[in-house]
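>>> What would the 3D arrangement of this be:
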Amino acid sequence: MLITNSVVVEFLEIQKGIFLQKLKSPEIAEKIKPGQFLNIKVSEGYYPLLRRPFSVCDVEDDLIHIMFAVYGEGTKILANKKIGETVNILGPLGNGFNIDDDYDLAVFLAGGLGAAPFPYLTRKLNNNKEIISFVGGRSNKEVIKYQFPNLLIATEDGSEGFKGNVVQLFENEIKKFLDKKIKVFACGPNGMLKSVSNLIKRFNEEGKNLTCEVSTESAMACGFGICQGCPIQDSHDPNRYLLVCKDGPVFNVNDIEL
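Predicted structure coming up:
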């Protein structure tokens, strides 16, 4: 874990309301694993007081990419940073995806801004694993398609692709691939991840033997476990809680209660 001032070198609107910011940080870039995150101080003053967590979207040489939408004061400040300005970043933080398991097919499941960590995961898996991507949103305007390989789309209003949510699309389509060793990588709202968890458990009870890791979301303060502000229940012990920032944000779906 390092802390450094990083220079904004590029800022793009990759689709309406979805931004990609590229930060130059050689020291942190070389240490990042897919699924890890950064805690960013968006201003030089004391407002906003707390850092904001951002999934690492991609790493390209010494550049770190983050993807975000403007939802509050912190992301508004970040979106108004000029090229050449700096932000203070703490990272890499948390545990990322385990990409070295025994599987043939990597399945990506993303809902909304849960699309953020997949470009870097794709980069690390490329040419080593077959990949299929399932991405969803309420409408086609909310589906983030950025750099997903072999993309299938679900929209709840039916404006593009499958009419329904992304977990339903996955359930319908994955039956075509059950002759392969499959690992699912999922990121999105916790309600979506709970549906993923229930579906994976049902498939495995039927003898399908899918493995699955989920990247969870939580409000955070410190980002590395001191404040104890992002608990998630351990599925093996109802009296024990793990921390999203330190023990996650990526967990094996069998290890947590969503």
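>>> What's the mean pLDDT across the longest helix that the chain contains?
If you go by DSSP state H, the chain has its longest helix at helix 190-205. Helix 190-205 shows a mean pLDDT of 94.
>>> show me what contacts Val196?
Contact analysis of Val196 by C-beta atoms under 8 Å, 6 or more residues apart in numbering lists 109, 167, 170, 184, 186, 212, 214, 253. All C-beta spots, glycine's among them, are computed from the backbone N, C-alpha and C.
>>> before we move on, back to that, could you give me the buried positions within the longest helix of the chain?
192-193, 195-197, 199-200, 203 (16 or more other C-beta atoms under 10 Å).
>>> centre of the chain versus that helix, how much separation?
17 Å (C-alpha atoms, centre = their mean, to the nearest Å).
>>> in the sheet, who's paired with Ala110?
Under DSSP bridges, the beta-bridge partners of Ala110 are Val135, Cys187.
>>> brain fart, Val250
Ser215.
>>> and of the contacts of Val196, the nearest to Ile40?
Val214 (22.9 Å; C-beta to C-beta).
>>> The closest one and Thr155: what is the separation?
Between Val214 and Thr155 the computed distance is 22 Å (C-beta to C-beta, to the nearest Å).
>>> what does stretch 238-245 rub up against?
Under C-beta under 8 Å, 6+ apart, the answer for stretch 238-245 is 53, 93-94, 216-218, 220, 222-225, 228, 230-234, 248, 251, 255-257.
>>> list the buried ones in that stretch?
242-245.
>>> cool, and stretch 45-55?
Quick answer for stretch 45-55 (16+ other C-beta under 10 Å): 50-55.
>>> for stretch 143-150, same thing?
Applying 16+ other C-beta under 10 Å to stretch 143-150 flags 143-148 as buried.
>>> now swap in stretch 80-95 and tell me
Applying 16+ other C-beta under 10 Å to stretch 80-95 flags 81, 87, 89-95 as buried.
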